[in-house]
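# Predicted structure and sequence below. I'll ask about it afterward.
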Amino acid sequence: MRTARTFIDKVFLVIKGLGMGAANKVPGVSGGVVAFVAGFYEEFIYSLQKLNGTAVKLLVNGRFKSFYQYINGQFLVLLFFGMIVSYFSVSQLLDYLIRHYELYVWSVFFGMMIGSIYYISKDFKYWNRGTFLGLTFGVIVGIAISFLDPAKENDNLWFVFFCGMISVSGMTLPGFSGSFILILLGNYVLLLVDSVNALYDTIFDVFGGNFDFLNEPERVRMLKVLAVFTLGSVAGLVTFSHILNYVLKYFRNLTLSLLLGFIIGSLGVLWPWKDTIYVTDESGTILMDSTGNKIIQNYERFMPGLTESTFWAVIYIIIGILIVLILELYGQKTLKRRV
């Protein structure tokens with residue numbers, strides 16, 4: 001019985017990774033919220049901050065089992081496995097649904113965010129001047145980010161490294177969408193479309209025994225940009241996890257109120273009723289990413305009218321709220337079972 005429960009827990013951890021991966025793919029949605037609501041956010045941050053000097057020493061000395069146990073390897077491997085699988089499966093389905101049922105998909109996300117706010121705030125009993133200020137600051141920052149205009153593309157490698165660090169914020173900071181931040185920084189197309197396409201082309205060339213791309217300055221530049229972006233992402237993931245682990249340990253209540261504010265502020269990005277502005281070239285043609293999706297530049301929000309689509313959107317918002325409540329119920333049962 002115990003073995004079966006352990007197996008089920010592992011399966012659910014992979015499913016949570018699927019949820020985080022799908023959430024991170026969509027501009028405006030934060031994978032960190034999935035971790036928060038599903039009840040493994042603090043374990044996620046704690047595990048990431050174990051990627052430190054001690055872990056490197058264990059790895060260099062060949063103590064692989066100790067390294068795996070030290071970094072909570074089973075947890076991280078299953079979670080990241082789910083995220084990787086999500087990119088090639090769940091997120092592709094999500095892309096299709098957004099293309100054909102955009103209003104209803106955003107409605108579900110909006111409802112899930114409302115449910116997340118309820119989930120996080122209902123047991124928070126430490127309201128004082130400091131936590132109210134943290135909440136207010138988080139809301140203001142979240143709203144401000146929602147309505148910023150995108151910057152122009154910048155391929156300076158130091159800036160690309162910075163973009164990499166910021167792009168993982170959606171995994172570690174609930175309410176912050178890494179892909180939406182890249183849109184605002186002007187480098188979404190460069191880093192998540194052009195450089196990724198260059199990598200795909202290079203992989204096919206290498207397996208085909210064709211190394212002519214080494215003489216293509218543009219391909220080499222894109223690969224260099226992608227490498228620096230990846231290094232920045234890894235650095236950001238480890239750095240943010242150490243910082244968040246510290247503030248959760250010594251300033252837990254203030255940090256939770258600030259994160260709650262971020263999530264509330266991000267409702268502006270997830271507002272279902274909006275017109276999407278797409279990236280276009282000089283001729284006005286809408287640009288596509290490697291999976292055939294239109295590349296989003298920003299959104300123009302509006303108030304809905306009393307229509308049938310509005311009625312169904314509200315229904316899907318309620319469904320989104322119920323999804324979070326069901327996840328909460330599952331989390332409570334899992335906790336009681338372990339106790």
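Structure received.
# residues contacting Phe80?
Gly17 (Cβ atoms under 8 Å, 6 or more residues apart in numbering). The way it works is simple: take the backbone N, C-alpha and C, and place the C-beta from them, glycine included.
# Quick check: it vs Asn72, distance?
For Phe80, the distance to Asn72 equals 12 Å [Cβ to Cβ, to the nearest Å].
# Which per-residue confidence value corresponds to the nearest residue to Phe110 once chain neighbours are set aside?
In this structure, Phe110 finds its nearest non-sequential neighbour in Leu270, 4.7 Å apart by Cβ to Cβ, 6 or more residues apart in numbering. Note for Leu270: predicted pLDDT of 78.
# for Gly305, same thing?
The model reports Gly305 with a pLDDT of 86.
# Kindly report the same for Arg252.
82.
# helix, strand or coil for Leu148?
Put simply, Leu148 is coil when judged by DSSP: H, G, I helix; E, B strand; the rest coil.
# In this protein, where's the longest helix?
helix 217-250 (DSSP state H).
# mind checking how far it is from the chain centre?
Centre-to-centre, helix 217-250 and its host chain are 14 Å apart (Cα atoms, centre = their mean, to the nearest Å).
# residue ranges with poor pLDDT in the stretch 201-339 of the chain?
288-298, 327-328, 330-339 (pLDDT under 70).
# which stretches of it form strands?
Counting by DSSP state E, counting those that start in this stretch, the stretch 201-339 of the chain has strands at residues 274-278, 296-301.
# what comes up buried for the shortest one?
Neighbour counts over strand 274-278 (16 or more other Cβ atoms under 10 Å) mark Lys274 as buried.
# Show me what the one helix or strand Glu42 maps to is packed up against.
With elements taken from DSSP states H and E, the one containing Glu42 is helix 41-48. Packed against helix 41-48 by the contact rule (3 or more Cβ pairs under 8 Å, 6 or more residues apart in numbering; DSSP states H and E) you find helix 31-37, helix 73-88, helix 217-250.
# okay if I get the ones you listed as JSON lines plus distance to Tyr126?
Output for the helices and strands packed on helix 41-48, formatted as JSON lines (distance: least, Cβ to Cβ, whole Å):
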{"stretch": "helix 31-37", "distance to Tyr126": "17"}
{"stretch": "helix 73-88", "distance to Tyr126": "28"}
{"stretch": "helix 217-250", "distance to Tyr126": "13"}
